[in-house]
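Peer 1: What follows is a predicted structure for the sequence shown.
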Amino acid sequence: MSELETNRNQQKKRQKTGGRAPGVPNKATREFRETVTKLLSDNADNVAVWLERVATGGGNPEKADPGKALDLMAKLAEFAAPKLARTEVTGAGGGPVVVAATNLDERL
């Protein structure tokens, strides 16, 4: 890498001074989730009927698929309450977490 490219890369690493805070969804994402949530809440009775039809096969026992109904419900729920990212907790230097208990009388 040339010296000019190195200088440009260093200039790009400025401190962020504006914009959204980390973890805050952008406006389009927020509005989409609100729209889907409203759609689901406005049609809660219909959604329940549709899921029941899938689970029971709509009167045809051969088409009954409760697993698929549960899968559809889980997929719909993701729009209203998205999955949370997994977080791993580690101690100092990536080691185990150390929990130290002390007697409160000693601290007073």
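Peer 2: Noted; the coordinates are in hand. Numbers count the residues shown, from 1 in each chain.
Peer 1: all helices of this structure, in order?
Peer 2: Applying DSSP state H to the chain gives helices spanning 3-12, 27-42, 44-56, 66-80, 104-107.
Peer 1: Any stretches of this protein with poor pLDDT?
Peer 2: Residues of the chain meeting the criterion pLDDT under 70: 1-13, 16, 80, 82, 105-108.
Peer 1: who wins for proximity to Thr87 among the helices of the chain?
Peer 2: Among the helices of the chain, helix 66-80 comes nearest to Thr87, with 18.8 Å by CB to CB. To be clear about C-beta, it is placed using only N, CA and C from the backbone, and glycine gets the same treatment.
Peer 1: now the closest one: how far from the chain's centre is it?
Peer 2: Chain-centre distance of helix 66-80: 15 Å, with CA atoms, centre = their mean, to the nearest Å.
Peer 1: JSON lines for the helices of the chain, including mean neighbour count?
Peer 2: What follows is the helices of the chain, written out as JSON lines (neighbours: other CB atoms under 10 Å):
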{"stretch": "helix 3-12", "mean neighbour count": "9"}
{"stretch": "helix 27-42", "mean neighbour count": "12"}
{"stretch": "helix 44-56", "mean neighbour count": "14"}
{"stretch": "helix 66-80", "mean neighbour count": "13"}
{"stretch": "helix 104-107", "mean neighbour count": "6"}
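Peer 1: mind putting these in a markdown table, distance to Pro96 included?
Peer 2: What follows is the helices of the chain, written out as a markdown table (distance: least, CB to CB, whole Å):
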| stretch | distance to Pro96 |
| --- | --- |
| helix 3-12 | 36 |
| helix 27-42 | 36 |
| helix 44-56 | 44 |
| helix 66-80 | 33 |
| helix 104-107 | 24 |
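Peer 1: what's the closest of these to Glu88?
Peer 2: helix 66-80 (22.4 Å).
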